[in-house]
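K.L.:
pasting a predicted model and its sequence here:
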Amino acid sequence: MAPTRESGTIKKRWRGRLPVALVFPNTYRVGMANLGFLSIYEFLNREEEIVCERFFWSEGLPLRSVESGRPLRDFRVVLFSIPFEGDYPRVLRILTAGDLPLEPSHRKIPVLAGGVAIWLNPRPLFPFLDGFLLGELEVLGKPLVEALLSGDTEREKLLARLSRVPGFLNPEGPFPVSIAKVPELTRPLLSHLRSPEAEFGETQLLEITRGCGESCRFCAAGFIYRPPRRPSRKALFEVLEELSPGVKVGLIGLEFLKTEAIVEFTSELLSRGHRISFSSVRLDALSPELKPIFREVRTLTLAPEAGSESLRRILNKHLSDETLLRTAALLRDWPNRRLKLYFMFGLPGETEEDLAAIVRMVSRIKELSRKEITVSLSPFVPKPWTPFQWAPFETPSTLKKKARHLRRALSARGVRVSIESIREAQIQALVSRGSEVLAPFLREMARGESLSRALRTLPSSPENLFRGPREPFPWEEVVHAGIDREFLRREWERALAGEESPRCPARKNCRACGACLALYGAS
């Protein structure tokens, strides 16, 4: 059933328009909290000749569009927006539920995909999709629309036109394809479609920075979006006039509290009667003068990631124990009732002492802050285009043992604990670094087979599927992310040595990692 309490839904008559199905391979709740998905929906619907309708996955319910209740096969083009590699099996389930063959040559309707998971590694989906969009909306949006509208949408003809779109990748080549990025953010992305059933509630999402210069070695978003960019102060304040009166504003960005303009902007939001929310806040960015900004935030979300200072050096977090504890004490008289703390386990170089350090650090933070504490624990998953792409994924049995230990130890100290699924992490670790060889595995997962049965389709054990230190990874052969492989390799070696590296300076003339050179050229 379609949600009944949306605000800003776009409904159009079909006559004389090209119908595009925009598909999010996860639940409505998750998809409606994804700014990229909402932005492409609004962008395509600004075109008079296009009618774009949304699809979400819901177990056991018919696959129908939100706007008109039509089936997938009624549309002329299908476009998936995929932010998470773990959703790759669900892409196949959606095609099957929509009565579309999994083999591209057997379909009349072209099926495309974009989203950051696709940027990282599209190869596991090569056997199933017709093409991939590697790039930011500001660069590929207009050429995409022109390709869609400038002729017949018959599969082969459309693919020929799409080949001229920046960042378009055809599974048959040529390779590699560069991710198309915009040099300057002249206007921040802002969503207008709202729903109380979304993960963040009835919120307008606003991107106030893109990328991050902190250089955490595990973070795919921090590397794939390099160099970090932010809109001007003028562009940010112009967006204020587009916000609905009194609406809650969800601020999207990884390092925004370090800029004076952003602090000024959030203060202006509050003065206009808006509530604000943050996905996560850097611990070392919090200071006494920021207290008013967080007065309406019930739960502050912080990400130490590791309990010990030595392991945080391996991660390149630039975060000392002293800073963590000082921040906890600072928060004691803040009005927020709860703290949510993110930690990973199964990290490269992790020891039993590092796990014990999580428990000690959480206990000290609870004691100093006097807040209700929830700890979210995630198994570490190595990601493409990061220094940790060379790291192994720990065995599920070992991860389960560590998870049980941490849950017992933290619960005994009156801390609430949530642990992300180790099974899902195992799937993500395999898919995120895999290639076309995973096709039988994805088919089995899409059919609802058990993970153990699906794993038996692999030609070798999962750990043997990945290539050696000097061989190219599957994603490097087809995608050019603008980051030098040798830079990532040096960062991995520094991690193994327990050494920190400088933050990304984000200067146009910087040549350290290659991202600025790829985007701006030599200067």
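P.N.:
Arrived safely, thanks for sending. Just so it is clear, the structure is predicted and the values come from calculations on it, not from any experiment. Residues are numbered from 1 along each chain as shown.

K.L.:
restrict whichever strand or helix holds residue 251 to CA atoms and write it as PDB.
P.N.:
In the assignment (DSSP states H and E), residue 251 maps to strand 248-252. Extracted in PDB, the C-alpha atoms of strand 248-252 (Å, rounded to 0.1, in the frame of the first residue of the first chain):
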ATOM      1  CA  LYS A 248      12.600  19.700  10.900                       C
ATOM      2  CA  VAL A 249      15.800  20.000   8.800                       C
ATOM      3  CA  GLY A 250      18.200  17.000   8.600                       C
ATOM      4  CA  LEU A 251      21.700  18.200   7.900                       C
ATOM      5  CA  ILE A 252      23.700  15.800   5.700                       C
END
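
K.L.:
which strands or helices does it pack on?
P.N.:
Packing partners of strand 248-252 (3 or more Cβ pairs under 8 Å, 6 or more residues apart in numbering; DSSP states H and E): strand 203-207, strand 276-278. C-betas here are computed from N, CA, C, even on glycine.

K.L.:
contacts for the longest one, please.
P.N.:
This means strand 203-207. Outside strand 203-207, the residues that touch it by Cβ atoms under 8 Å, 6 or more residues apart in numbering are 33, 35, 38, 188-192, 194, 239, 243-244, 247-253, 277.

K.L.:
list the contacts of the closest residue to residue 77 other than its chain neighbours.
P.N.:
Leaving aside its chain neighbours, residue 77 sits nearest to residue 20 (4.8 Å; criterion: Cβ to Cβ, 6 or more residues apart in numbering). Shown in contact with residue 20 (Cβ under 8 Å, 6+ apart): 44, 50, 51, 52, 53, 75, 76, 77, 78, 79, 148.

K.L.:
and what of residue 93?
P.N.:
57, 446.

K.L.:
what strand or helix carries it?
P.N.:
With DSSP H and E as criterion, residue 93 is part of helix 88-97.

K.L.:
that helix: how far from the chain's middle?
P.N.:
Distance of helix 88-97 from its chain centroid, counting by Cα atoms, centre = their mean, to the nearest Å, is 20 Å.

K.L.:
repeat that for stretch 146-166.
P.N.:
On Cα atoms, centre = their mean, the centre of stretch 146-166 falls 28 Å from the chain's centre.

K.L.:
end to end on that stretch, go ahead and measure it.
P.N.:
Distance between the boundary residues of stretch 146-166 (Cα to Cα, to the nearest Å) amounts to 12 Å.

K.L.:
quick one: strands adjacent to the helix or strand containing the residue nearest to residue 77?
P.N.:
Using DSSP H and E, residue 20 maps to strand 18-24. Neighbouring strands of strand 18-24 in its sheet, by DSSP bridges, are strand 50-56 (parallel), strand 77-81 (parallel).

K.L.:
low pLDDT regions in this structure?
P.N.:
1-4, 254-259, 464-469, 522-523 (pLDDT under 70).

K.L.:
excluding its backbone neighbours, what's nearest the residue most central in space within it?
P.N.:
Nearest residue to the geometric centre of the chain (Cα atoms, centre = their mean): residue 83, 5.0 Å. Distances taken as Cβ to Cβ, 6+ apart put residue 115 closest to residue 83, at 4.9 Å, once the chain neighbours are dropped.

K.L.:
restricting to C-alpha, output stretch 238-247 in CSV.
P.N.:
Provided in CSV are the C-alpha atoms of stretch 238-247 (Å, rounded to 0.1, in the frame of the first residue of the first chain):
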residue,chain,number,x,y,z
GLU,A,238,19.5,31.1,-0.1
VAL,A,239,18.1,27.6,0.7
LEU,A,240,16.4,29.0,3.8
GLU,A,241,13.6,30.4,1.7
GLU,A,242,12.8,27.0,0.3
LEU,A,243,12.2,25.4,3.7
SER,A,244,8.6,24.7,4.8
PRO,A,245,7.7,26.8,7.9
GLY,A,246,8.7,25.1,11.1
VAL,A,247,9.9,21.9,9.3
